[in-house]
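Student: sequence plus the predicted model coming up.
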Amino acid sequence: MRAKYINPFTDFGFKKLFGEEVSKDLLIDFLNGLLPEHHKIKDLQYNRTEQFGNIKYDRKAVFDIYCTSQNGDKFIVELQKAKQNFFKDRSVFYATFPIREQADKGEWNFELSAVYCIGILDFVFEEDKNSKDYIHTVKLKNQNNKIFYDKLTFIYIEMPNFNKKEEELDNRFDKWLYFFKNLENFDHVPQRLKDRIFQKAFEIAEIARFVPAQMDAYEESLKVYRDLKNVIDYAIQEATAIATEEAHKKGMQKGLEQGLEQGIQKGREQGLEKGREEGIQKGKNDAIIAIGKNMKLMNMPVSDILKVTGLTIEEINKL
């Protein structure tokens, strides 16, 4: 059965909800659910999403959404659909652009407006795989865990860890995450989301309201998203099989070797564990290569392959 509402994890769906002038109040409401009181937004303006360095040899950055609030605070909002080797590094790199653009020509006292980098993640960081937390707020702190600088904030929202039901929604931002995660599966507006902002969000997201050009753009964006998910799911299955086989082989070998010195049983246990770890790591590396190969075979842009796999352009060209 065809979905009634768009998938917000697609590029088209995400920017339709949060990246257009007509939906600016939705983005403001979403961001205000995350922000401290002194940084609440009354109004904002959208900025150019493609950013360049000061000289032509500098690298550039392309943001999903980049905006400035009425008091000058800067907000980068990124949708990340798949794990990337250096995603945190990329977040820090992106933060340098709204910082540097604040430098006034001539005399300047170096006072900066706040910069927020917000990532909506369709995955969980490796170190959080056993955690139930779904919002991670990162600031610069000193050795005593006190805030050293409060104008640079990274907020990561791990959507797979958000599993609340409608009756469990505690606050406004929980409602937004519930909306975002379940939108494509809704066939009606849930009772707890029946207010002006969410009613508007559902109207914007209703596929039946699209004109033919919007429908074509959404279908293409949905195809790219599904292809990417299929590539990743297949690679994970392959990596799991490879890791299991490698772990078994290496574990048996390590176990036998160490068993000569420490006893057959103890050696087997230690070898199996170490072999499992090495096999899993090799499986992950093989998975990244498999994802890159499949994306290249599907003629997906190199920029997308870079973003998903973290491989260099040289490594991608060799695939």
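Tutor: On my side now, so go ahead. Numbering: from 1, shown residues only.
Student: which residues does N85 contact?
Tutor: Remark: with contacts taken as CB atoms under 8 Å, 6 or more residues apart in numbering, N85 is in contact with I288, T309, G310, L311. (C-beta placed from N, C-alpha, C; glycine too.)
Student: in helices, which of those appear?
Tutor: Counting by DSSP state H, the contacts of N85 place I288, T309 in helices.
Student: JSON lines please, covering the contacts of N85 and showing pLDDT, distance to Y66 and neighbour count.
Tutor: Listed next are the contacts of N85 as JSON lines, based on pLDDT from 0 to 100; distance: CB to CB, whole Å; neighbours: other CB atoms under 10 Å:
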{"residue": "I288", "pLDDT": "79", "distance to Y66": "28", "neighbour count": "20"}
{"residue": "T309", "pLDDT": "78", "distance to Y66": "24", "neighbour count": "25"}
{"residue": "G310", "pLDDT": "79", "distance to Y66": "22", "neighbour count": "18"}
{"residue": "L311", "pLDDT": "81", "distance to Y66": "26", "neighbour count": "20"}
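Student: got a markdown table for the contacts of N85, with distance to K74 too?
Tutor: Formatted as a markdown table, the contacts of N85 follow (distance: CB to CB, whole Å):
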| residue | distance to K74 |
| --- | --- |
| I288 | 32 |
| T309 | 29 |
| G310 | 26 |
| L311 | 30 |
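Student: and the contacts of N85, which is closest to R100?
Tutor: Comparing these against R100 with CB to CB places G310 closest, at 24.4 Å.
Student: tell me which element the residue nearest to that closest one when sequence neighbours are not counted falls in.
Tutor: Leaving aside its chain neighbours, G310 sits nearest to N85 (2.9 Å; criterion: CB to CB, 6 or more residues apart in numbering). In the assignment (DSSP states H and E), N85 maps to no helix and no strand.
Student: give me the pLDDT value at N85.
Tutor: N85 carries a pLDDT score of 77 in this model.
Student: for Y225, same thing?
Tutor: In the prediction, the pLDDT value recorded for Y225 is 85.
Student: just the helices in the stretch 51-200 of the chain please.
Tutor: Assigned by DSSP state H, counting those that start in this stretch, the helices in the stretch 51-200 of the chain fall at 87-100, 172-182, 196-205.
Student: columns mean neighbour count on top of the ones you listed, output as CSV?
Tutor: As requested, these are exported to CSV (neighbours: other CB atoms under 10 Å):
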stretch, mean neighbour count
helix 87-100, 16
helix 172-182, 20
helix 196-205, 17
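Student: those helices: which one's closest to K293?
Tutor: Smallest distance to K293 across the helices of the stretch 51-200 of the chain (CB to CB): 20.9 Å, for helix 87-100.
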